[in-house]
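Student: sequence and predicted structure below; questions after.
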Amino acid sequence: MAVKVLELHHHGIRVKPDETEKSLAFYKDVLGLTVDTGRPEIPGIPGYWVDCGNDTQIHIMGQEGMSRYAKGPKQDPTTLHVALAVPDVQEAKRELDRMGVKYWNIVSVVGPQLEQLFMDDPHGNLIELHEAGTCRCKKTARKSAAAAPSMAG
């Protein structure tokens, strides 16, 4: 068996903190994308969540060096990554454990119900897994997420 992935949710990019506005201008002015104005304040990480087609986002994260949320030099959620949604994050953890896949997790600073699992693919690319319905990535799901205060991710 394998972890069941439902969909791509976001692609996280990292820029210098003082260049988040420049990055946002590119995504808005050049690519015509719009800002998700509901992005919560993430202490120490300025940035924007930008809506794309197909209910996906680009997360612009302003950070230099290791973030305060890192669990180590190679375990920083602000580094370049792709986020995928799974139906049940606990089930995903059990399956990763069964397969012997190394991962690390954080309970997100953007919502108490958003547990994020991070792992490297065989080439060192960071992959995030989180449970569908616990984030703001899908524009069409934001109304239901906003109605449940514990799911503010």
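Tutor: Done, it's in. Residues are numbered from 1 along each chain as shown.
Student: only C-alpha atoms from now on, for both contacts and neighbour counts.
Tutor: OK.
Student: got the buried residues for the longest helix along the chain?
Tutor: Counting residues, the longest helix found in the chain (DSSP state H) is helix 89-99. For helix 89-99, burial by neighbour count (16 or more other Cα atoms under 10 Å) applies to 89, 92, 93, 95, 96.
Student: just stretch 13-29 next, same as before
Tutor: In stretch 13-29, counting by 16+ other Cα under 10 Å, buried: 13, 14, 15, 16, 17, 19, 20, 21, 23, 24, 27.
Student: could you do stretch 120-127 as well?
Tutor: Buried residues in stretch 120-127, counted by 16+ other Cα under 10 Å: 120, 126, 127.
Student: stretch 51-70 too?
Tutor: Residues of stretch 51-70 classed as buried by neighbour count (16+ other Cα under 10 Å): 51-52, 55-63, 66-67, 69.
Student: beta partners of the nearest residue to residue 48 once chain neighbours are set aside?
Tutor: Spatial nearest neighbour of residue 48, excluding adjacent residues (Cα to Cα, 6 or more residues apart in numbering): residue 60 at 5.1 Å. Going by DSSP bridges, residue 60 is paired in beta bridges with residue 13, residue 48.
Student: how much space between residue 60 and residue 52?
Tutor: To residue 52, residue 60 is 13 Å away according to Cα to Cα, to the nearest Å.
Student: and for residue 81?
Tutor: From residue 81 across to residue 52, the span is 16 Å (Cα to Cα).
Student: ok so residue 27 is a strand residue?
Tutor: No - judged by DSSP: H, G, I helix; E, B strand; the rest coil, residue 27 forms no part of a strand; its state is helix.
Student: how many residues are close by the closest residue to it other than its chain neighbours?
Tutor: Once flanking residues are discounted, residue 27 sits nearest to residue 33: 5.7 Å by Cα to Cα, 6+ apart. Residue 33 is flanked by 18 other residues according to other Cα atoms under 10 Å.
Student: so what does residue 33 look like in phi/psi?
Tutor: phi -90, psi 160 (degrees, to the nearest 10).
Student: what residues does it make contact with?
Tutor: With contact set as Cα atoms under 8 Å, 6 or more residues apart in numbering, residue 33 has these partners: 27, 50, 51, 52.
Student: how close does it sit to residue 57?
Tutor: 10 Å.
Student: where do the contact lists of those two overlap?
Tutor: Common contacts of residue 33 and residue 57 (Cα under 8 Å, 6+ apart): 50, 51.
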